[in-house]
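> Need coordinates for the below:
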Amino acid sequence: MMTQRKQTKTVQIGNRVIGGGNPVLIQSMTNTRTEDIKATVSQINRLAAAGCDIVRCTVPTMEAAEALTEIKKQTQIPVVADIHFDYRMAIAAIEHGADKIRINPGNIGSKDRVRAVADAAKERGIPIRIGVNSGSLEKHLVEKYHGVTAEGIVESALGQVSLMEELGYDNLVISIKSSDVLMCVRAHELIAAKTDYPLHVGITEAGTLISGNIKSSIGIGLILYQGIGDTIRVSLTGDPLEEVKSAKLILKSLGLRSGGIEVVSCPTCGRTKIDLIGLANKVEDMVADIPLDIKVAVMGCVVNGPGEAKEADIGIAGGCGEGLLIRRGEIVKKLPEEELLSALRKELLSWGRE
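Residues are numbered from 1 along each chain as shown. Have a look, this model is predicted:
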């Protein structure tokens with residue numbers, strides 16, 4: 001049984017609230033130039049439609065910071081400004097409407113510069129995410145722990161938190177990431193026992209669609225299973241939309257999110273006489289805009305298809321150039337292969353009206 005979720009402090013990010021037992025939210029990051037308002041707005045809105053709750057945009061220039069004003073006007077989900085090194089960008093992002101900023105105080109510069117950022121955020125009620133990655137761990141911590149370790153990552157993050165608290169600022173979210181899955185899991189176990197600030201969870205530099213999904217699913221899954229984590233991001237080298245799809249599946253698999261059609265499909269075998277792989281992918285895409293909370297099965301043959309589909313609400317099973325439409329384990333009709341997808345969609349659109 002999954003551990004009861006840790007009760008962290010509540011933090012408001014735009015029109016969303018995290019921590020305090022609120023649902024785990026999905027975050028992604030744009031890969032457009034933030035200065036390109038049209039492209040960035042388009043991507044944010046597509047991410048939101050796919051189920052993204054919070055989006056992060058890089059702010060490397062003053063032009064990017066200024067663009068946030070217009071981006072915010074044309075989008076609905078909270079926008080987080082990602083800042084590296086230049087404290088002036090953090091202040092500008094806050095002034096131009098960022099709902100949260102992500103910084104590593106250790107990279108911002110002097111204590112006075114960190115204070116300037118904290119004061120600007122405090123004045124407008126904007127939370128700050130303290131982000132520490134294993135790849136940028138301070139030299140003295142690497143030496144202390146004889147390498148990059150979970151203990152070093154946690155000490156670094158809590159040191160940055162202490163600095164912010166010393167400056168009178170505690171509207172914080174913590175993010176500690178590593179590309180080493182087990183190190184990342186261990187770091188979250190350690191920090192969850194030491195602080196009540198909300199945690200943003202992810203495996204950084206996880207990789208491409210296949211390797212990134214596997215590493216993220218294992219790492220994020222192990223962390224969430226222990227009741228740790230308030231927001232997640234599946235970091236993938238590819239279209240950010242894939243990050244959102246994967247995050248939704250992780251949350252749903254752990255029982256942390258409901259709703260939406262779940263598609264299950266069997267592996268191919270020698271009995272398969274239809275394009276099962278293509279059909280399963282088309283079904284997954286096709287059901288994305290249908291607001292039902294049911295299970296749809298896509299089976300490769302009529303030998304085991306009806307039986308295997310009994311656990312699903314509705315499904316299709318392929319034959320030789322034809323297939324079956326199955327509803328709650330019972331065969332509804334036999335159809336040519338090319339009509340299976342449209343027949344399934346028709347059934348789904350009329351689901352619950354009968």
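> quick one, helices of the stretch 201-350 of the chain?
209-225, 240-253, 276-286, 305-308, 340-349 (DSSP state H, counting those that start in this stretch).
> Return the member of those having the minimum mean pLDDT.
Note on the helices of the stretch 201-350 of the chain: lowest mean pLDDT is at helix 305-308, with a mean of 62.
> start to end distance for stretch 173-183?
End-to-end distance for stretch 173-183: 20 Å, by CA to CA, to the nearest Å.
> buried residues in it?
By neighbour count with 16 or more other CB atoms under 10 Å, stretch 173-183 contains the buried residues Val173, Ile174, Ser175, Ile176, Lys177, Ser178, Ser179, Asp180, Val181, Met183. For glycine as for every other residue, the C-beta is placed from the backbone atoms N, C-alpha and C.
> related to what we said a few turns ago, kindly present the helices of the stretch 201-350 of the chain as CSV, with separate columns for distance to Thr30.
Listed next are the helices of the stretch 201-350 of the chain as CSV, based on distance: least, CB to CB, whole Å:
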stretch, distance to Thr30
helix 209-225, 17
helix 240-253, 7
helix 276-286, 22
helix 305-308, 40
helix 340-349, 31
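> can you list the ones you listed in CSV and add mean neighbour count?
Formatted as CSV, these follow (neighbours: other CB atoms under 10 Å):
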stretch, mean neighbour count
helix 209-225, 19
helix 240-253, 20
helix 276-286, 17
helix 305-308, 18
helix 340-349, 16
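> Please identify which of those is closest to Leu199.
Leu199 lies closest to helix 209-225 among these, at 8.4 Å (CB to CB).
> what packs against that closest one?
Using 3 or more CB pairs under 8 Å, 6 or more residues apart in numbering; DSSP states H and E as the contact test, the elements touching helix 209-225 are helix 181-192, strand 199-201, helix 240-253.
> Which of the helices and strands in this structure ranks last by mean pLDDT?
helix 305-308 (a mean of 62; mean pLDDT, DSSP states H and E).
> one step back: to Lys38, which of the helices of the stretch 201-350 of the chain lies closest?
Closest approach to Lys38 among the helices of the stretch 201-350 of the chain is made by helix 240-253 (16.6 Å; CB to CB).
> returning to that earlier point: who wins for proximity to Val79 among the helices of the stretch 201-350 of the chain?
Between the helices of the stretch 201-350 of the chain, helix 240-253 lies closest to Val79; by CB to CB that is 13.7 Å.
> Name the surrounding residues that touch that closest one.
24, 26, 28-31, 43, 46-47, 50-52, 209, 213, 216-217, 220-221, 224, 232-236, 257-258, 260, 262 (CB atoms under 8 Å, 6 or more residues apart in numbering).
> ok and that helix relative to helix 209-225, angle-wise?
40 degrees (axes from the mean of the first three to the mean of the last three CA atoms, to 10 degrees).
> between helix 240-253 and helix 276-286, how many degrees?
90 degrees.
> Where does pLDDT dip in the protein?
Scanning the chain for pLDDT under 70 picks out the ranges 1-2, 206, 268-275, 301-310, 319, 352-354.
> State the number of residues packed around Ser134.
For Ser134, the neighbour count with other CB atoms under 10 Å is 22.
> Which residues are in contact with it?
Val148, Ile153, Lys177, Ser178, Ser179, Asp180, Met183, Cys184, Thr204.
> rerun at 10 Å
142, 148-150, 152-153, 156, 176-180, 183-184, 187, 204-205 (CB atoms under 10 Å, 6 or more residues apart in numbering).
> Could you do Val287 as well?
So Val287 contacts Gly260, Ile261, Glu262, Val263, Ile294, Val296, Leu344, Arg345, Leu348 (CB under 10 Å, 6+ apart).
> Lys111: which of those is nearest?
Gly260 (46.6 Å).
> Surely that closest one touches Glu284?
No. Checked against CB atoms under 10 Å, the pair Gly260 and Glu284 is beyond contact range at 11.1 Å.
> re the thing from before, what would the helices and strands packed on helix 209-225 look like in JSON lines with distance to Leu68?
Putting the helices and strands packed on helix 209-225 into JSON lines (distance: least, CB to CB, whole Å) gives the following:
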{"stretch": "helix 181-192", "distance to Leu68": "30"}
{"stretch": "strand 199-201", "distance to Leu68": "20"}
{"stretch": "helix 240-253", "distance to Leu68": "18"}
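> Of all these, which one is nearest Glu322?
Set against Glu322 and scored by CB to CB, the helices and strands packed on helix 209-225 come closest in helix 240-253, at 30.4 Å.
> Just the C-alphas of that closest one, formatted as CSV.
C-alpha atoms of helix 240-253 as CSV (Å, rounded to 0.1, in the frame of the first residue of the first chain):
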residue,chain,number,x,y,z
PRO,A,240,7.2,18.7,-24.0
LEU,A,241,3.7,17.2,-24.7
GLU,A,242,5.2,13.8,-24.2
GLU,A,243,6.3,14.8,-20.7
VAL,A,244,2.7,15.6,-19.8
LYS,A,245,1.4,12.4,-21.2
SER,A,246,3.9,10.4,-19.2
ALA,A,247,3.3,12.3,-16.0
LYS,A,248,-0.4,11.7,-16.2
LEU,A,249,0.2,8.0,-16.6
ILE,A,250,2.5,7.9,-13.6
LEU,A,251,0.0,9.7,-11.4
LYS,A,252,-2.9,7.5,-12.6
SER,A,253,-0.9,4.3,-12.2
